[in-house]
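>>> need a 3D model of the sequence below.
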Amino acid sequence: MSITANAAMYSNDDDTAGVPQAPGTEHTELLSFLKYFETLFVIDDSEHMERQWSDVSALIQAVAPVCLQYDDNGIDIYFVNHRPLFYFPGMSVRKSGYNHIGQVHSEGEGADKVSAQGIFRKVKPGGRCKLGARLKKILSWYIEQLKVDPERAPLNVIVITAGVSSDDFAAPLLEIAKELDAMKAPEHQLGVMLFQLGDDEEARKKFEHADDHMWRASNTRDIVDTVAWRGWPAGFGSDDMVKAVLGAVSKKMDGAKSALAGKAVPERRETTVS
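The predicted model follows:
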């Protein structure tokens, strides 16, 4: 189910109104399950994000530390258009993003090379948004890895976007869900949170369809959840923060708890699949 953070839901008289709020201790048990997941951000850096770029920065500063608190392996950050300096077409999709980012804020020489904010500052929004193509490559890579290594850690994908995609982003998600069904993978194996910034109504309706309807029509598992943030001065409370970082996989969290509790935290490992 999608949610929307808005000013009517939250009030704050100080200067932090509208700034994403860190989860409190009441969410610790649920958030602790992040340690079992790989967390991967896909950030829309198209021209449609120019007005929301400062909001993206605020979200990264707020959400990434929550994930890092429970993931010693770090987080992965991919952009729709931007690629790292030494990436060339034909390389593995794994080379097209920044992997195992271990901290958001760091100090000293070379800090920008290892922090999420350091990476973010080097990226400028522009160009078209082919969100579907980007998600298909990333998620297809993960599925191939999972086929080789069925014990691979579950994947928690957080997509930050205006939702104005120039291609079909829903079809690749449905395709991946069907593959997971065919593999009989656990229900919590993969979740995709579509986090919409801005107020594009058409994008919101497409997100709601992807969240609530297309799975039933296709008789397959639901791997998508959605959340919307209108930015300043709207609020984004700690409950919303928890939904943002774990919402897509927490739909199946009751089953995941019994499956994951007591297991060793999986190490990040890559197979030879390109």
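>>> enumerate every residue touching the residue sitting nearest the centre point of the chain.
With the centre of the chain defined as its mean C-alpha position, the nearest residue by C-alpha atoms, centre = their mean is residue 158, 0.8 Å away. Going by C-beta atoms under 8 Å, 6 or more residues apart in numbering, residue 158 touches 39-42, 63, 193, 195, 244-245, 248. (C-beta placed from N, C-alpha, C; glycine too.)
>>> again, only this time at 7 Å
Contact partners of residue 158, counting by C-beta atoms under 7 Å, 6 or more residues apart in numbering, are 39, 41, 193, 195, 244-245.
>>> go on, residue 132?
For residue 132, the contacting residues are 165, 167-169, 171-172, taking C-beta under 7 Å, 6+ apart as the criterion.
>>> please tell me how far it sits from residue 29.
Computed with C-beta to C-beta, to the nearest Å, the distance linking residue 132 and residue 29 is 35 Å.
>>> mind putting the contacts of residue 158 in TSV, pLDDT included?
TSV is the format used below for those (pLDDT from 0 to 100):
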residue	pLDDT
39	90
41	93
193	89
195	88
244	73
245	76
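>>> can you lay out those as TSV showing secondary structure, distance to residue 55 and neighbour count?
TSV is the format used below for the contacts of residue 158 (DSSP: H, G, I helix; E, B strand; the rest coil; distance: C-beta to C-beta, whole Å; neighbours: other C-beta atoms under 10 Å):
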residue	secondary structure	distance to residue 55	neighbour count
39	strand	20	26
41	strand	14	25
193	strand	16	25
195	strand	10	27
244	helix	13	26
245	helix	16	27
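>>> need the max-distance pair from those residues.
Using C-beta to C-beta, those span at most 13.0 Å, a distance reached by 39 and 195.
>>> surely residue 242 meets residue 27?
Yes: look at residue 242 against residue 27 with C-beta atoms under 7 Å: they come within range, at 4.8 Å.
>>> how about residue 136, nearest residue that isn't a chain neighbour?
residue 172 (3.7 Å; C-beta to C-beta, 6 or more residues apart in numbering).
>>> which strand or helix spans the one you found?
When secondary structure is defined by DSSP states H and E, residue 172 falls within helix 170-183.
>>> same deal with residue 211?
Taking DSSP H and E as the criterion, the element that holds residue 211 is helix 201-212.
>>> what residue ranges in the protein are flagged as low confidence?
Judged against pLDDT under 70, the low-scoring parts of the chain cover residues 1-26, 103-114, 231-238, 247-274.
>>> strands of that one, start to end?
Assigned by DSSP state E, the chain shows strands spanning 3-5, 38-43, 75-79, 98-101, 155-161, 190-197, 224-229.
>>> now those strands in TSV, with distance to residue 54?
As requested, those are exported to TSV (distance: least, C-beta to C-beta, whole Å):
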stretch	distance to residue 54
strand 3-5	16
strand 38-43	13
strand 75-79	16
strand 98-101	20
strand 155-161	13
strand 190-197	10
strand 224-229	12
